[in-house]
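Q: when you get a sec, could you give me coordinates for this:
(one chain, ligands or ions: 1)
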Amino acid sequence: MDGASFRAPVPWFPLPARLAILLSGRGSNFEVLATACARGELPAQIVLVLSDRGDAAGLAKARAMGLPTQLETRRAGEPRTAHEERLAGHLETAGADLICLAGFMRVLSPALVSRFERRIVNVHPSLLPAFPGLEAQKQAFEHGVAVAGATVHLVDAGTDTGPIAGQEAVPVLAGDDVAALAARILSVEHRLYPATLGRLLAGGWSVVGRRLEFPS
Ligand code: GAR
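A: Predicted coordinates:
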């Protein structure tokens with residue numbers, strides 16, 4: 001996306017927007033988004049919850065909520081492209097406007113990202129561009145940073161490198177361990193993710209180079 005310039009229409013999509021959620025685990029961010037949609041706090045409806053793991057607690061929660069779900073595991077020895085082709089097929093069949101990664105622990109290929117350009121959003125438990133990738137909270141803790149955080153960003157072809165849409169700092173406190181810090185970051189994610197999605201869905205923002213700028 002470097003060097004690209006883009007202005008989102010107002011609103012970005014016909015509202016309510018159709019959201020797909022991709023998850024691999026616990027699903028607490030998914031639950032927060034689902035609650036915000038159900039309460040009308042987000043102008044969106046969840047049209048698909050897609051998991052790559054059958055044991056994901058988030059998948060069970062989505063089923064219990066009566067939402068449309070799909071399990072799509074990557075088969076043994078299967079090329080990533082074949083798995084991603086099935087993921088993309090589910091997203092397109094569901095007519096998803098916007099794809100929200102919520103603890104989806106796979107890096108999407110540039111081909112998949114370009115198929116849904118600027119329509120994939122991720123939440124990451126660090127102050128990006130610091131600590132991309134796995135175990136961001138552990139990376140931050142082990143570096144002894146004084147300030148950690150959470151980021152919501154558009155997904156581009158890199159790993160956690162896309163334009164930042166929302167970010168909030170989280171202090172590292174004396175006596176913290178990784179679990180305590182991760183819990184403090186998670187509670188910020190739960191506020192930041194729906195709030196940032198709301199701003200994105202309203203539209204009118206621009207991407208200029210690496211920067212995402214909201215209307216003032
Ligand atoms: C969250 O902390 C999210 O930021 C992180 O996984 C956790 C999922 O929790 N995502 C990443 O690290 C992606 N690189 P949840 O399943 O309870 O929402």
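Q: do me a favour and get the backbone dihedrals for the residue nearest the centre of the chain.
A: Note on the chain: the residue nearest the mean C-alpha position is N122, at 2.2 Å, using CA atoms, centre = their mean. Backbone torsions of N122, given as degrees, to the nearest 10, read phi -130, psi 150.
Q: again with F6
A: phi -150, psi 140.
Q: mind listing what it touches?
A: R118, S206, V207 (CB atoms under 8 Å, 6 or more residues apart in numbering). C-beta coordinates here come from the backbone N, C-alpha and C atoms, glycine included.
Q: any idea how many residues pack against the second one?
A: For S206, the number of neighbouring residues by other CB atoms under 10 Å comes to 14.
Q: what's across from it in the sheet?
A: Going by DSSP bridges, S206 is paired in beta bridges with R7, E213.
Q: still on that earlier bit, now distance to E168 and pLDDT too, for the contacts of F6, in CSV please.
A: Below are those laid out as CSV (distance: CB to CB, whole Å; pLDDT from 0 to 100):
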residue, distance to E168, pLDDT
R118, 22, 97
S206, 22, 98
V207, 20, 97
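Q: got those as JSON lines, with distance to the ligand columns?
A: Listed next are these as JSON lines, based on distance: CB to the nearest ligand atom, whole Å:
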{"residue": "R118", "distance to the ligand": "19"}
{"residue": "S206", "distance to the ligand": "25"}
{"residue": "V207", "distance to the ligand": "21"}
